[in-house]
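Participant: I would like the atomic coordinates for the input below:
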Amino acid sequence: MIDLAKAPCNQPLQVLAVGDEGSWEKKFESLGIRKGRRIRKIACQPFGGPVVIEVNGSKISLGQKIASKIEVEVIAPSTP
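Facilitator: Okay, here's the model as predicted:
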């Protein structure tokens, strides 16, 4: 388990937990980020820049502190 801010770019990720308070969970839910959802981190900005993710075809930009509240794991690519 790793927080989204530290997760690798261009890898499929699965959300394991969101936020540590109920209010964060509702905010993430409104963005389509919820436990069990598959997302992809599409931009890694240097020097603490925003984290850009793709959720259901939509691109969402999150600050580093907010992204660190989302716990994810890297999903191994399936082999044919």
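
Participant: who touches the lowest-mean-pLDDT helix or strand in the chain?
Facilitator: When each helix and strand of the chain is scored by mean pLDDT, DSSP states H and E, helix 22-30 comes last, with a mean of 82. With Cβ atoms under 8 Å, 6 or more residues apart in numbering as the test, helix 22-30 has contacts from V18, G19, R34, K69, I70. Placement of C-beta: from N, CA and C, glycine included.

Participant: same question, stretch 44-61
Facilitator: 4-5, 8-9, 31-33, 37, 39-43, 62-64, 67.

Participant: which ones among those lie within helices?
Facilitator: Here DSSP state H is the test, and these give Q64, A67 as lying in helices.

Participant: among the contacts of stretch 44-61, the buried ones, what's the ChimeraX command?
Facilitator: Buried subset of the contacts of stretch 44-61, written as a ChimeraX selection, criterion 16 or more other Cβ atoms under 10 Å:
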select :4,5,33,37,39,40,41,62,64,67
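
Participant: that's a strand at V72, yeah?
Facilitator: Yes. Assessed with DSSP: H, G, I helix; E, B strand; the rest coil, V72 lies in a strand.

Participant: now for it, how many residues are close by?
Facilitator: V72 has 27 neighbours, counted by other Cβ atoms under 10 Å.

Participant: grab the nearest non-local neighbour of it.
Facilitator: Sequence neighbours aside, L13 is the residue nearest to V72 in space, at 4.2 Å (criterion: Cβ to Cβ, 6 or more residues apart in numbering).

Participant: next: V52.
Facilitator: A43 (3.6 Å).

Participant: so who does the one you found touch?
Facilitator: Contacts for A43 were tallied using Cβ under 8 Å, 6+ apart; they are C9, P50, V51, V52.

Participant: excluding sequence neighbours, find me the nearest residue to the first one.
Facilitator: In space, not counting the residues next to it along the chain, C9 is nearest to C44; the distance is 4.3 Å by Cβ to Cβ, 6+ apart.

Participant: just the third one next, same as before
Facilitator: Distances taken as Cβ to Cβ, 6+ apart put A67 closest to V51, at 4.1 Å, once the chain neighbours are dropped.
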